[in-house]
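Trainee: Here's a sequence, model it:
(2 chains)
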2 protein chains.
Amino acid sequence: MRVCVIGCGAVGSLFAANLAQLEDVEVWAYDLAVDHVEAINANGLRLTGAGEVVGNVRATADASELPACDVGIVATKAMHTDAALAATAHAFADGAVASVQNGIGNEEVVARHVQRVIRGTTFPAGKILEPGVVQWDVKGETAFGPFEPAPAPMETIEALADACTRAGMPSKALPDARPAQWRKVIFNAATNPIGALTGLTHGRVCERRDLRALVSALVDEGRTVAEAQGIELDEDPEALIDHAARKDVAYDHRASMLQDVEARRATEIAFLNGGIGRFGRELGVPTPLNDAVTQLVTALEDSWRR
Amino acid sequence: MRVCVIGCGAVGSLFAANLAQLEDVEVWAYDLAVDHVEAINANGLRLTGAGEVVGNVRATADASELPACDVGIVATKAMHTDAALAATAHAFADGAVASVQNGIGNEEVVARHVQRVIRGTTFPAGKILEPGVVQWDVKGETAFGPFEPAPAPMETIEALADACTRAGMPSKALPDARPAQWRKVIFNAATNPIGALTGLTHGRVCERRDLRALVSALVDEGRTVAEAQGIELDEDPEALIDHAARKDVAYDHRASMLQDVEARRATEIAFLNGGIGRFGRELGVPTPLNDAVTQLVTALEDSWRR
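Mentor: A predicted model of the protein is given here:
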């Protein structure tokens, strides 16, 4: 199987380096960070932390170099999906493309460019330490399933999940990956922007009773939007949120969106709370709090642009 | 008439210096900023900007120095009302005390300490330039009326409004000052925290269609809480908000709450959106957006305390 990871940041690197351990998988990586690409080609792609891995990955910032691939794994920030797929779609004319990105609505963007799409949700996380080297912070499961309007064949999805699992990234091929995806987006949308707007860590957000109530109100809206699509969440986001707030889990975690705000980077708000709001409007489900949070974070980004 | 301004910051100074122009009014000022007090006693209290005034005001940071007064005018930040009245109430044993503070719920706090209370709302604004000197930015009207549960006599209210008007601070004595007060709190609560959370000026908040919609949703909640008390607003807050957004009015204005956040000072959120939420709960009117904004700004303050 030939796999191309599209967007070889922290999460993309976890897939690329691990999959490159398999003899029956050839791994390419497409990324625009030229120093990262050059380091990967020179020394391999190295993971450290939750696992020590060096993967033989062929990296490029020039999409025209990509050969025809069986599977793409999109791991860009959600707002870069469209440009990344416009550049790389030719490599998947006969293949399938999976999203493992944050938020909802990514598969819809992928499907503008390729015919066979895989819905994906992944929990592992990390960060780039230096070009070619990625800190693997958190292990966790990945779920893949067909993207309903433009589904990849189930055997392709199973082959991908099997390869990831054998490579050390435990993955499931599900007939419906939406419950896992909505559980994650509801978790993220209820916690990330609250950290970003207040500067508080996850644990401190949760120990303020007033703020924890706001988190629950955001969860409730997201759950209602999921249920309106017939999606039954596979786990209760509230339990995940409280679990993460424990001192021995992620009490001190500063949400990635808070890190984005502090670095004055664009956030993924449009694909988290904004995505919940968009689905809510299509389904006639009001999402006033997710809308308010989307508006506030979007405007906050605007404040440092001018 | 002997008047004591309690909290001689920008707004308090506008009342104190102007009232001191009148031959029939003696003005005292109680303030904890010792350098400001000393400058006022040495050189008078000077206003510059919208009016050039020097007032002969007797200032003190020692409440025990205050003589018996006919009227108090409370102009502290809302969260300091209780302490300021606990210190000064003895001076108003036979007098009345008016609040000209931001937000709602201030008169309730004043009434814990004195028997005759005047509800007040004022639009003039300014800032302290240096001890004893205040920039008068904006002229505007003041409304006074009885605080219903512990009302001052109407003749006292009329005498106060008449003195302020003669002193250059146009004021009305109304049988019901709640419409003016709720109009102002709804305006402030719909705009101040949005500026504070996003870093945007008033004009930029209003020109973003998404954010302007959030402002309107906050206004709607506040209006519903006002109407549930039988209060009919004397002007439409939406019109005031759009008027203020004009380039020739207050497009570039950074909300005072944004200035508080940038300086990491405590904000008046508990008396603006928090006050609307509190009244809403008492009346059974849901105020989810005002609650969310209260929670976010309160938590933001919390983030720089630890």
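Trainee: can you give me the helices in chain A?
Mentor: All helices of chain A, identified by DSSP state H, fall at A:10-19, A:34-43, A:81-88, A:106-110, A:154-166, A:178-198, A:202-207, A:209-228, A:237-244, A:256-262, A:273-283, A:288-303.
Trainee: TSV for those helices, including mean pLDDT and mean neighbour count?
Mentor: C-beta coordinates here come from the backbone N, C-alpha and C atoms, glycine included. Output for these, formatted as TSV (pLDDT from 0 to 100; neighbours: other Cβ atoms under 10 Å in any protein chain shown):
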stretch	mean pLDDT	mean neighbour count
helix A:10-19	97	27
helix A:34-43	98	17
helix A:81-88	97	19
helix A:106-110	97	24
helix A:154-166	98	19
helix A:178-198	96	25
helix A:202-207	95	20
helix A:209-228	97	20
helix A:237-244	93	16
helix A:256-262	91	20
helix A:273-283	97	22
helix A:288-303	96	23
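Trainee: For B:Leu300, which of these is the nearest?
Mentor: Across the helices of chain A, B:Leu300 has its closest neighbour in helix A:178-198 (4.7 Å, Cβ to Cβ).
Trainee: what does the stretch 151-300 of chain A have sitting close to chain B?
Mentor: Contact residues, the stretch 151-300 of chain A versus chain B (Cβ under 8 Å from any Cβ of the partner chain): A:194, A:197-200, A:204-205, A:208, A:210-211, A:213-214, A:217, A:288-289, A:291-296, A:298-300.
Trainee: One more pass at 10 Å, please.
Mentor: Where the stretch 151-300 of chain A comes near chain B, counting by Cβ under 10 Å from any Cβ of the partner chain, the residues are A:193-195, A:197-201, A:204-205, A:208-215, A:217-218, A:221, A:258, A:274, A:288-289, A:291-300.
Trainee: Identify the residues contacting whichever residue of the stretch 1-150 of chain A sits closest to chain B.
Mentor: Residue nearest to chain B within the stretch 1-150 of chain A (Cβ to the nearest Cβ): A:Met79, separated by 16.6 Å. By Cβ atoms under 10 Å, 6 or more residues apart in numbering or on different chains, A:Met79 lies in contact with A:Gln101, A:Gly103, A:Asn106, A:Val109, A:Ala266, A:Thr267, A:Glu268, A:Ile269, A:Ala270, A:Phe271.
Trainee: Among the residues you listed, name the buried ones.
Mentor: A:Gln101, A:Gly103, A:Asn106, A:Val109, A:Thr267, A:Glu268, A:Ile269, A:Ala270, A:Phe271 (16 or more other Cβ atoms under 10 Å in any protein chain shown).
Trainee: Can you tell me how far the second one is from A:Thr76?
Mentor: In other words, A:Gly103. Counting by Cβ to Cβ, to the nearest Å, the separation of A:Gly103 from A:Thr76 is 12 Å.
Trainee: thinking again about what came up before, turn the helices of chain A into JSON lines, including distance to B:His113.
Mentor: Output for the helices of chain A, formatted as JSON lines (distance: least, Cβ to Cβ, whole Å):
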{"stretch": "helix A:10-19", "distance to B:His113": "58"}
{"stretch": "helix A:34-43", "distance to B:His113": "65"}
{"stretch": "helix A:81-88", "distance to B:His113": "61"}
{"stretch": "helix A:106-110", "distance to B:His113": "59"}
{"stretch": "helix A:154-166", "distance to B:His113": "68"}
{"stretch": "helix A:178-198", "distance to B:His113": "34"}
{"stretch": "helix A:202-207", "distance to B:His113": "34"}
{"stretch": "helix A:209-228", "distance to B:His113": "28"}
{"stretch": "helix A:237-244", "distance to B:His113": "42"}
{"stretch": "helix A:256-262", "distance to B:His113": "42"}
{"stretch": "helix A:273-283", "distance to B:His113": "44"}
{"stretch": "helix A:288-303", "distance to B:His113": "37"}
